[in-house]
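Enquirer: please find the sequence and the predicted model below.
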Amino acid sequence: MSFTINIYYKRQNGSAKKFANEMISSGIVDEIRYIYKEIK
């Protein structure tokens, strides 16, 4: 079983990459992974 989250973020000059890095560094990605493991 796999779980995919698509986030569409449109900005200019690398803002989307900054947003993705912020999601990783703030721990949101880890929280999503943890919740997914609990659901399995």
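Expert: That came in fine, so what should we check first? What you see is a predicted model, and the numbers here were worked out from it, not measured in a lab.
Enquirer: now do the same for R11: helix, strand or coil?
Expert: Classification of R11 using DSSP: H, G, I helix; E, B strand; the rest coil returns coil.
Enquirer: ok, I7 next?
Expert: Per three-state DSSP, I7 ends up coil.
Enquirer: for it, which residues are in contact?
Expert: I7 makes contact with M23, according to Cβ atoms under 8 Å, 6 or more residues apart in numbering. C-beta: built from backbone N, CA, C; applies to glycine.
Enquirer: how near is it to E22?
Expert: From I7 across to E22, the span is 12 Å (Cβ to Cβ, to the nearest Å).
Enquirer: ok, now F3?
Expert: Taking Cβ to Cβ, one finds F3 at 21 Å from E22.
Enquirer: run through the helices of the chain in chain order.
Expert: With DSSP state H, the ranges of helices along the chain come out as 15-25, 28-39.
Enquirer: pLDDT weak spots in the chain?
Expert: Across the chain, the ranges flagged by pLDDT under 70 are 1.
Enquirer: any idea which residue is closest to the centre of it?
Expert: V29 (4.6 Å; Cα atoms, centre = their mean).
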